[in-house]
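# Dropping the sequence and predicted coords here.
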Amino acid sequence: MLMLLKGRAPYLLLLVVVFSSFACNNKNPENRDNEPKVEGTNDIVDLNVSSIQDEQSSNAEILVDAMDVSKLNDCQKNVQQLLGSCVDENYSVAAKVIMYRGSDERRNGQDSFNLLNASEANTVKVTCDVISAWLGESKSYEFITYQEEETEFGMQYVVEVLFTQEKLGVKRHLFYFMDTPKGKLLVNMI
């Protein structure tokens, strides 16, 4: 018997340690009856999450309201209007600033989104959710650059916005606008 164990003692010792560790940490249902129960923890977590979301929302509202609109050009004013309408979840105002791009060829590049159409309303809501997330994570934002570029589709205007995020540094986002019969409308944002 000693011949069989010779040279295998380290492996046997490892197995004993693993099994004893497993036995000590076993959490089978019979042992759970003796553990103290914590009630109402979901309520506490839900309240904390809710208060964090409310705090982020109020911070975003303060950020949007703090900007002096009189010093902005038309595209920057549209970005400001879009930020404010997204924070307020005023999708009808947001829809008026976003260019329609869809299957209706006669509206492409000519019109803004129509909230009466469920698909278009969803696109506006998703766009606002993205913008609200950018604002909710930010302590501040500022307009950095503004550029006008001639494209094959007409004039394109690019507004660069810098969002300052606590502990994460800064994130730069670009808002692209095009001229339409309804004014300068948002075509894309990255």
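Done, it's in.
# give the contact list for Thr127.
Contacts were defined as CB atoms under 8 Å, 6 or more residues apart in numbering; by that measure Thr127 touches Cys86, Ala94, Ile98, Met189. Just so you know, the C-beta spots here come from the backbone N, C-alpha and C atoms, and that holds for glycine as well.
# For these, work out which two are farthest apart.
Farthest apart among these by CB to CB are Ala94 and Met189. That separation is 12.1 Å.
# between the two, who's got more neighbours?
Under the criterion of other CB atoms under 10 Å, the comparison of Ala94 against Met189 puts Ala94 first, with 25 against 18.
# That one is in what secondary structure piece?
Ala94 is located in helix 91-95, with elements delineated by DSSP states H and E.
# list the helices and strands that helix packs on?
Identification of packing neighbours for helix 91-95 by 3 or more CB pairs under 8 Å, 6 or more residues apart in numbering; DSSP states H and E yields helix 74-87, helix 118-136.
# can I get those in CSV with distance to Glu149 and mean pLDDT?
As requested, the helices and strands packed on helix 91-95 are exported to CSV (distance: least, CB to CB, whole Å; pLDDT from 0 to 100):
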stretch, distance to Glu149, mean pLDDT
helix 74-87, 12, 93
helix 118-136, 22, 93
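# Which of those sits closest to Gln110?
The closest approach between Gln110 and any of the helices and strands packed on helix 91-95, judged by CB to CB, belongs to helix 118-136 at 14.2 Å.
# Specify the next element, helix or strand, located C-terminal of the closest one.
Elements were assigned by DSSP H and E; along the chain past helix 118-136, the next helix or strand is strand 138-151.
# quick one: contacts of that next one?
Residues from elsewhere that reach strand 138-151 (CB under 8 Å, 6+ apart): 59-60, 63, 72-73, 75-76, 79, 83, 135, 155-166, 171-172.
# Partner strands of the next helix or strand along the chain from that strand and their direction?
Stepping forward along the backbone from strand 138-151, the first helix or strand reached (DSSP H and E) is strand 154-165. Listed by DSSP bridges, the sheet partners of strand 154-165 and their directions read strand 138-151 (antiparallel), strand 169-180 (antiparallel).
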